[in-house]
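Visitor: any chance you could fold what I've pasted below:
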Amino acid sequence: MKMNGFTLLTGLFLIVLIFGSCRPQVSCELTAVEKKAVSKEVETVVRNFLDAKTLGYQTEIGMRANTEGYVMGGDGKIKFTNYADLDQYLKKAFTGIQKYTELEILSLYPYVLCRDAAACTTLFKGKWLTASGDTVVSNGCWTAVFKKFGNEWKVVQEN
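Guide: Model (predicted):
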């Protein structure tokens with residue numbers, strides 16, 4: 001039996017396609033105990049972040065992941081699509097802030113996606129003191145998608 005090149009290539013393609021699609025799928029199904037543990041981790045990260053005593057430039061930039069795909073939205077638009085632009089913005093913004101004087105979390109809703117991924121929406125109110133001595137009220141709602149890098153949770157997308 002004689003086989004032509006087209007038939008041989010088609011056969012090889014099908015074999016590669018079949019075996020290539022048989023890779024094991026990564027499961028994100030967690031037990032209730034595992035979900036609760038991840039939820040508690042993310043809640044702790046958010047509560048530690050939104051602390052008037054420690055919130056500053058280093059805390060802000062340190063919460064974000066310096067990774068491809070980082071995005072921040074707000075005020076009805078996409079504000080930043082990379083870490084470098086956000087870093088530049090935060091450096092400038094924090095030159096006008098002396099310190100946060102109040103920060104209170106009114107509600108916090110973590111949502112576990114996987115062992116190393118979660119979203120969290122937080123309602124907060126706060127105040128900060130500007131470099132010129134004025135008090136600014138900062139109330140808002142923040143939704144963030146967190147990814148765990150090693151032992152650290154970082155924000156990869158937020159609004």
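Visitor: just how off-centre is stretch 96-114 within its chain?
Guide: Distance of stretch 96-114 from the chain centroid (C-alpha atoms, centre = their mean, to the nearest Å) equals 14 Å.
Visitor: now do the buried residues in it.
Guide: Using 16 or more other C-beta atoms under 10 Å as the test for burial, stretch 96-114 gives Tyr100, Leu103, Ile105, Leu108, Pro110, Val112, Cys114. In this view, the C-beta of every residue, glycine as well, is placed from N, C-alpha and C.
Visitor: swap in stretch 30-46?
Guide: Going by neighbour count (16+ other C-beta under 10 Å), the buried part of stretch 30-46 is Lys35, Val38, Ser39, Glu41, Val42, Glu43, Val45, Val46.
Visitor: which SS class is the fifth one?
Guide: Right, Val42. Look at Val42: counting by DSSP: H, G, I helix; E, B strand; the rest coil, its state is helix.
Visitor: any low-confidence regions in this protein?
Guide: Within the chain, the segments meeting pLDDT under 70 span 1-27.
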